[in-house]
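Enquirer: need coordinates for the following:
(2 chains)
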2 protein chains.
Amino acid sequence: MQAEEVWGQRWTMNTLPMARAYMEVACRKQSLVCLAADRSTMAGLFDLIETVGASIAALKTHVDLVDDWTPEAWSKFCAAAKKADLLIFEDRKFADIGGISRKQMAGVYNIRGWSDLVTAHLISGPDIVDGLQAAWSDVGREGGVLLLAQMSSRGNLLEPAYTAKVVAKGKAHSGVFGFIGNGSRPDELVLLRDAVGDGKLIWTPGVNLAVGDGEMGQRYGHPRDAVLAGSDCVIVGSGIHKADNPGEQAAAYAKASWDALCNR
Amino acid sequence: MQAEEVWGQRWTMNTLPMARAYMEVACRKQSLVCLAADRSTMAGLFDLIETVGASIAALKTHVDLVDDWTPEAWSKFCAAAKKADLLIFEDRKFADIGGISRKQMAGVYNIRGWSDLVTAHLISGPDIVDGLQAAWSDVGREGGVLLLAQMSSRGNLLEPAYTAKVVAKGKAHSGVFGFIGNGSRPDELVLLRDAVGDGKLIWTPGVNLAVGDGEMGQRYGHPRDAVLAGSDCVIVGSGIHKADNPGEQAAAYAKASWDALCNR
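Expert: I've put the predicted structure just below:
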């Protein structure tokens, strides 16, 4: 099936190359799943690609949490991800001004050199998006910025008025790929999608096939409900890699998310 | 002069060891100056300590912006800073949840191992302070968290209602060293100090001995006015390191800030 057909307005209205790259990957893989690659060793990360790579569209990383990280090992990991047709999404939560964030994309980790997507808070102002996009341009690459619009952490300050400002500024910015929303409450997700409109993507953690099954009181939504409510990618961690059979479980998430998109 | 005498209520009410460590350093150096160490080479950083170390109390770093960074060179730099009686303040702007931020203090840069202070946004919730403090504890060190309460960047979202929430949560948290405020407008700084009360420290960029002399329309306040309005440390960058004689200029900032504290 063609990406344009499946994604409809989302394809037509989001012309950022990386947004279309994601929509195409999702179609090839028939999966709207991003795996939170919570592994602290390179071997663990390679294992994830091997085990579940076929059923996911992207890997969410924290490059600075890998204990045995080296530039060489990371480079191999990125090559393996590319071979498995996965986007790499570094959840760095950039939060400085534009000029500094641009430079923070370089350094020892050289995030600009391998990330397809990064997260940023808009707290320091919208110039951060320009800074991050400039960093990718500096090395002849393209990427997309996911802005934090909602979080579920205790006492977070992404309250409705703040979210509204992030959405208003982010939806008007060509360098913004989309927003991180909260997938655990479909009703609220519908409101976020209304505010965002049809163009930018919304990616959502907080989903699990076993709804309500969370550690330390965390609430989960069903991936199907999240996608029907307007999510374009479900970010799943322990729901997959702590399963008895991670490969099968990843395929189940892929099917639930893809079927929901086709019915949307 | 004894720190308790000079700092008064600030000493009595802020029992965080790192807060008292700063107040003591400031007394020994007779300086309330933190130098923004905007250098992209290790040689440039060593040169700053050499040139202006005697007149400043702390160095503000961005470890990930140093082109020729190695763990060995950084370790020598930290030793040189300690020898020059300087605190090291990594302006990382942490902005993730507590558990992730704790781990981000490790990694290749190992910020927990050498930083005395770090910045954080409270956007993801107050657990970030616990996470950062836990990271220092993990390696048997102590440190302090500076929360972003105000910024001057274009379109930033640290509006008065947001600032009020950060101050309310931050002033009640024992792991919070203080807040980053905006030093360019003494009237607003007085209001921030009123909200913060007498305990936590306020550190302020946006000051310059040549008031009004800013690049790209940036406004500056005088360090004396900032300290009299309630700032406990002025963060100065180009005002010192772009001066014809950085050593002399640093001494002038030290004198202006220290005299103001003694008159406060």
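Enquirer: how about the residues of chain A by chain B?
Expert: A:62, A:64-66, A:69, A:91, A:93-98, A:100, A:103-104, A:106-109, A:121-127, A:148, A:151, A:153-158, A:161-162, A:165-166, A:169 (Cβ under 8 Å from any Cβ of the partner chain). All C-beta atoms are positioned from the backbone trio N, CA, C, and that covers glycine.
Enquirer: any quick PyMOL command for the buried ones out of the residues you listed?
Expert: PyMOL command restricting those to the buried ones, with burial defined by 16 or more other Cβ atoms under 10 Å in any protein chain shown:
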select buried, chain A and resi 62+64+65+66+69+91+93+94+95+96+97+98+100+103+104+106+107+108+109+121+122+123+124+125+126+127+148+151+153+156+157+158+162+165+166+169
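Enquirer: surely residue A:243 meets residue A:249?
Expert: Yes. Using Cβ atoms under 8 Å, residue A:243 makes contact with residue A:249 at a distance of 3.7 Å.
Enquirer: residue A:198 - how many residues pack around it?
Expert: 13 (other Cβ atoms under 10 Å in any protein chain shown).
Enquirer: any stretches of chain A with poor pLDDT?
Expert: A:1, A:212-218 (pLDDT under 70).
Enquirer: one step back: go through the residues of chain A next to chain B and flag which are in strands.
Expert: Those of the residues of chain A next to chain B mapping onto strands are A:91, A:93, A:94, A:148, per DSSP state E.
Enquirer: so who does the second one touch?
Expert: So the one you mean is residue A:93. By Cβ atoms under 8 Å, 6 or more residues apart in numbering or on different chains, the contact set of residue A:93 is A:119, A:120, A:121, A:148, B:95, B:96, B:124.
Enquirer: now these as JSON lines including distance to residue B:176?
Expert: Output for those, formatted as JSON lines (distance: Cβ to Cβ, whole Å):
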{"residue": "A:119", "distance to residue B:176": "24"}
{"residue": "A:120", "distance to residue B:176": "24"}
{"residue": "A:121", "distance to residue B:176": "19"}
{"residue": "A:148", "distance to residue B:176": "22"}
{"residue": "B:95", "distance to residue B:176": "15"}
{"residue": "B:96", "distance to residue B:176": "17"}
{"residue": "B:124", "distance to residue B:176": "15"}
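Enquirer: beta-bridge partners for residue A:221, please?
Expert: Going by DSSP bridges, residue A:221 is paired in beta bridges with residue A:207.
Enquirer: for it, give me its contacts.
Expert: So residue A:221 contacts A:183, A:184, A:185, A:186, A:189, A:204, A:206, A:207, A:208, A:211 (Cβ under 8 Å, 6+ apart).
Enquirer: one more time with 10 Å
Expert: A:182-189, A:204-208, A:211-212, A:229, A:231, A:234 (Cβ atoms under 10 Å, 6 or more residues apart in numbering or on different chains).
Enquirer: in helices, which of the residues you listed appear?
Expert: A:186, A:187, A:188, A:189 (DSSP state H).
Enquirer: hmm, residue A:219 and the third one touching each other?
Expert: In other words, residue A:188. No. Residue A:188 lies out of contact with residue A:219 (Cβ atoms under 10 Å); the separation is 11.5 Å.
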